[in-house]
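> based on what follows, work out the 3D shape:
(chains A and B, ligands or ions: 2)
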Amino acid sequence: MTALEVSNKAEPDFDVIIVGAGIAGCIAAYQLAQQGRSVLLIERGEAPGSKNLSGGVLYCRGMQEVFPDFLDSAPVERRVTRNYINFLNAESSIGIDYKDTRLADPVNAVTVLRAKLDPWLAGKCEEAGVFLMSGVRVDRVLTENGATGKRVVGVKAGDDELRAHVVVAADGVNSFIAQEVGLRAKQPLNHLATGVKCVVNLPAETIEARFGVTGDEGAAFAVVGDCTEGVGGGGFMYTNTNSISVGVVLRLDDLTAKRKVATDVFDHFLTHPFIAPYLEGGEVIEYGCHMVAEGGLGMLGEIDMDGMVVVGDAAGLTLNTGLTVRGMDLAVASGVAAAVGIGASLERKDFSKAGLAGYRETLFASPEGKDMKTYAKAPAFLEVERMYKDYGELIANVLYGAFNLDTKPREHLAKVAIRAFKKSPVKVRHLISDGIAGVRAL
Amino acid sequence: MLDDDQTHIEVNQEIVKATGCGTAIAACCAARVYTEEPDGSLSVEYAACLECGTCLAVAAPGALKWHYPRGGFGIQFREG
Ligand SMILES: Cc1cc2nc3c(=O)[nH]c(=O)nc-3n(C[C@H](O)[C@H](O)[C@H](O)COP(=O)(O)OP(=O)(O)OC[C@H]3O[C@@H](n4cnc5c(N)ncnc54)[C@H](O)[C@@H]3O)c2cc1C
Ligand code: SF4
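Ligands and ions are numbered 1, 2, ... in the order given. Below you'll find the predicted structure:
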């Protein structure tokens, strides 16, 4: 028995210990405290949120179910009413501009900045009775050998050993905790992407004029193609109240295979002639990077074992459909589901994997859990190379033929399209197979 | 806040050189923490690290020892 496999059966210090005060951890903590459980929430950052970075579009319906006053009292930036999907080529740009007042009533998505949102969430937790310990890194979990194998009984942070009936690993995409106990394998590179982002300060009026929004409305730009120099992934530009979140997400298998330098790709995107005008005159007030889980359902590891559950990014709960990057809403849903499952296990005093099964059941019965299954094929579809280069150029060449009135007589658009198509590396069979795959995946 | 006493990144130069994974490690890091030296080894500026974990994901097994800095130390985002 190792030093960490503690054998004395002392009464636990808390009902539940949660590692990580990100969105998933805070939501689980808040819900459990509301049930009257004793909860310890441990965060390695000096303050909650100080280690966290996201693109920033939060699909907020789940959050509003937990906090009905979320939109009015939480630090949200703008309410997203305009979604712009952009195929970017070196010299051209093609966009689908989707504006819809229905997206504002009821509000469906808001932009957030995590260093502001997470402290608010943690504050709510404390108000509800959660004991928050910030500036403390959990080093590992404490395990005991139970009847059915290893079970988790607490955590070790520095010299402190703290015990609980149930531990929640809410420690984000790198989840050393879940890896340590074997719930999650080292991920293949196509399941991971690196996100590089900066926040650019601009006056609210300038943002509203450039992005075509008014008041507290906001825009979310999703960009594919030349923004990543062909690397699988994409770029984004999201409006905050007085700043713009702008960055790229680069799939690691493709970034390394193409031998691109992450900072070069990021610079290329920000200085791209179709992007730079939106940022002009702004001041970069922060630069950061963070990993993104990209594997979808295929990446979801084991999410429960005796004495422990895994939530949010730590479990691999993210969804990239190409148009939307979703992780924060899944973090909320898994936090809520974990609180349901753990609540039931505390009720029955059964902290085994079977006793915690309510978590998995509740998660996959939720809309977010169902979406994980619906989009199970999206990651493979998004690995198709043509998405990041050839399609954008093909469409641009067709449109160029139509709009470039170069004194030659016009041809029927169909002819122009066929010629552009012949020049493009995209073949009919690609269009068909990608089309079918796309419809099935998305 | 910088942890002056403890680096949180250790490179196994032998493995890096033998596998040639130094190029990928240096290229994936958005904080430009790593510089690949002419002999294939990596020099590290750990104070610049933004704690994303990308380098560890890309590294050949055993090439890097990487963990989060001690609680309260390291990067502090104000926006996120
Ligand atoms: C560039 C980028 C763009 C994105 N865009 C979007 C988007 O537009 N919309 C969206 O919904 N999602 C987006 N995501 C994904 C989203 O950010 C994540 O899915 C979400 O943050 C997951 O929340 P979480 O609570 O599971 O993990 P995290 O937010 O990572 O929280 C984990 C917490 O655990 C703490 N922690 C870790 N280890 C320890 C330890 N050992 N001891 C103590 N504390 C520890 C961390 O400090 C952190 O506070 C994006 C991600 C990136 C990187
Ligand atoms: S963790 Fe991220 S920022 Fe730090 S050295 Fe590795 S790649 Fe660079």
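
> tell me where the stretch 301-442 of chain A has helices.
A:328-348, A:357-365, A:367-374, A:378-382, A:390-403, A:413-423, A:428-441 (DSSP state H, counting those that start in this stretch).

> burial count for A:Leu71?
16 (other CB atoms under 10 Å in any protein chain shown). (C-beta placed from N, C-alpha, C; glycine too.)

> which residues does it contact?
A:Leu71 makes contact with A:Cys60, A:Gln64, A:Arg79, A:Val107, A:Val110, according to CB atoms under 8 Å, 6 or more residues apart in numbering or on different chains.

> so the residue nearest to the first one when sequence neighbours are not counted, which of the three states?
Leaving out its chain neighbours, the residue that sits closest to A:Cys60 by CB to CB, 6 or more residues apart in numbering or on different chains is A:Val110, at 5.3 Å. Each residue gets one of three states, and A:Val110 gets strand by DSSP: H, G, I helix; E, B strand; the rest coil.

> just to revisit the earlier point, can I get the helices of the stretch 301-442 of chain A in JSON lines including mean pLDDT?
Below are these laid out as JSON lines (pLDDT from 0 to 100):
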{"stretch": "helix A:328-348", "mean pLDDT": "98"}
{"stretch": "helix A:357-365", "mean pLDDT": "97"}
{"stretch": "helix A:367-374", "mean pLDDT": "90"}
{"stretch": "helix A:378-382", "mean pLDDT": "75"}
{"stretch": "helix A:390-403", "mean pLDDT": "80"}
{"stretch": "helix A:413-423", "mean pLDDT": "80"}
{"stretch": "helix A:428-441", "mean pLDDT": "75"}
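
> who in chain B is up against ligand 2?
B:Cys28, B:Cys29, B:Ala31, B:Val33, B:Cys49, B:Leu50, B:Glu51, B:Cys52, B:Gly53, B:Thr54, B:Cys55 (CB under 6 Å from any ligand atom).

> count the neighbours of the closest residue to the fifth one other than its chain neighbours for me.
The shortest distance from B:Cys49 to any non-neighbouring residue, by CB to CB, 6+ apart, is to B:Val33 (5.2 Å). The local packing count at B:Val33 equals 19, with neighbours defined by other CB under 10 Å.

> was I right about B:Val33 contacting B:Cys55?
Yes. With contact defined as CB atoms under 8 Å, B:Val33 counts as touching B:Cys55 (7.3 Å).

> spatially central residue in the chain, please.
All of this refers to chain A. For chain A, the residue nearest the mean C-alpha position is A:Gly327 (2.9 Å; CA atoms, centre = their mean).

> oops, wrong one, chain B.
Residue closest to the mean C-alpha point of chain B, counted by CA atoms, centre = their mean, is B:Ile9 at 5.3 Å.

> kindly state the pLDDT recorded for it?
B:Ile9 carries a pLDDT score of 96 in this model.

> and it, bridged to which residues?
Beta-bridge pairing for B:Ile9 (DSSP bridges): B:Trp66.

> that one reaches B:Ala63, doesn't it?
No. If you go by CB under 8 Å, B:Ile9 and B:Ala63 don't touch, sitting 11.1 Å apart.

> how many residues are close by residue 67?
As the question left the chain open, I've gone with chain A. Around A:Phe67 there are 18 other residues, counting by other CB under 10 Å.

> let me rephrase: I mean chain B.
Other residues lying near B:His67 total 16 when counted by other CB under 10 Å.

> show me which residues of stretch B:33-52 are buried.
Neighbour counts using 16 or more other CB atoms under 10 Å in any protein chain shown place B:Val33, B:Tyr34, B:Glu36, B:Leu42, B:Val44, B:Tyr46, B:Cys49, B:Leu50, B:Glu51, B:Cys52 of stretch B:33-52 among the buried residues.

> contacts for that stretch, please.
So stretch B:33-52 is contacted by A:51, A:194-195, A:288-291, B:2, B:7-9, B:11, B:13, B:16-17, B:20, B:22-23, B:25-26, B:30-32, B:55, B:68-69, B:74-75 (CB under 8 Å, 6+ apart).

> now list the buried members of those.
The neighbour count (16+ other CB under 10 Å) marks A:51, A:194-195, A:288-291, B:8-9, B:11, B:13, B:16-17, B:22-23, B:25-26, B:30-31, B:55, B:68-69, B:74-75 as buried among the contacts of stretch B:33-52.

> what distance do you get for the closest residue to B:Thr7 other than its chain neighbours to B:Ile25?
Residue nearest to B:Thr7 in three dimensions, not counting chain neighbours: B:Tyr46, with 4.6 Å by CB to CB, 6+ apart. Distance, B:Tyr46 to B:Ile25, using CB to CB, to the nearest Å: 13 Å.

> what about B:Gly72, which SS state?
coil.

> so what's it up against?
A:Arg44, A:Gly45, A:Glu46, A:Ser134, A:Gly135, A:Val136, B:Met1.

> my guess is A:Asp15 contacts A:Gln35. True?
No. In this structure A:Asp15 lies outside contact range of A:Gln35 using CB under 8 Å: 9.2 Å.

> in strands only, show me the contacts of A:Leu71.
If you go by DSSP state E, the contacts of A:Leu71 have A:Arg79, A:Val110 in strands.

> just the buried ones from the contacts of A:Leu71, in PyMOL syntax?
In PyMOL, a selection of the buried entries from those looks like this (16+ other CB under 10 Å):
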select buried, chain A and resi 60+64+79+107+110
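
> which one of the contacts of A:Leu71 is nearest A:Val284?
Looking at the contacts of A:Leu71 and their distance to A:Val284, the nearest is A:Val110, at 23.0 Å (CB to CB).

> which parts of chain B sit against chain A?
Residues of chain B that fall close to chain A, judged by CB under 8 Å from any CB of the partner chain: B:1, B:23-24, B:26-32, B:50-54, B:56-58, B:67-72, B:74-80.

> inside strands: which ones of the residues you listed?
The strands, defined by DSSP E, take in nothing from the residues of chain B next to chain A.

> how much space between A:Asp100 and A:Arg79?
Separation of A:Asp100 from A:Arg79 (CB to CB): 12 Å.

> three-state assignment of A:Ala164?
Secondary structure, three-state DSSP: A:Ala164 is strand.

> what's opposite it in the beta bridge?
With DSSP bridges as the rule, A:Ala164 is bridged to A:Phe14.

> that one: neighbour count?
As a burial measure, A:Ala164 scores 25 neighbours (other CB under 10 Å).

> pretty sure it contacts A:Val19?
No. With contact defined as CB under 8 Å, A:Ala164 does not reach A:Val19; the gap is 10.5 Å.

> overlap in contacts, these two.
The contact sets of A:Ala164 and A:Val19 overlap at A:Val155 (CB under 8 Å, 6+ apart).

> near ligand 1, which residues of the stretch 51-200 of chain A? Just list them.
Residues of the stretch 51-200 of chain A found near ligand 1 (CB under 6 Å from any ligand atom) are A:51-58, A:137-138, A:170-172, A:195, A:197.

> out of those residues, which comes closest to A:Ala337?
Nearest to A:Ala337, judged by CB to CB, of those is A:Ala170 at 12.4 Å.

> list the contacts for the nearest residue to the closest one once chain neighbours are set aside?
Ranked by CB to CB, 6+ apart and with sequence neighbours excluded, the top spatial neighbour of A:Ala170 is A:Gly25, at 3.2 Å. Counting by CB under 8 Å, 6+ apart, A:Gly25 touches A:Ile18, A:Val19, A:Leu41, A:Glu43, A:Val168, A:Ala170, A:Asp171, A:Val311, A:Gly312, A:Gly335.
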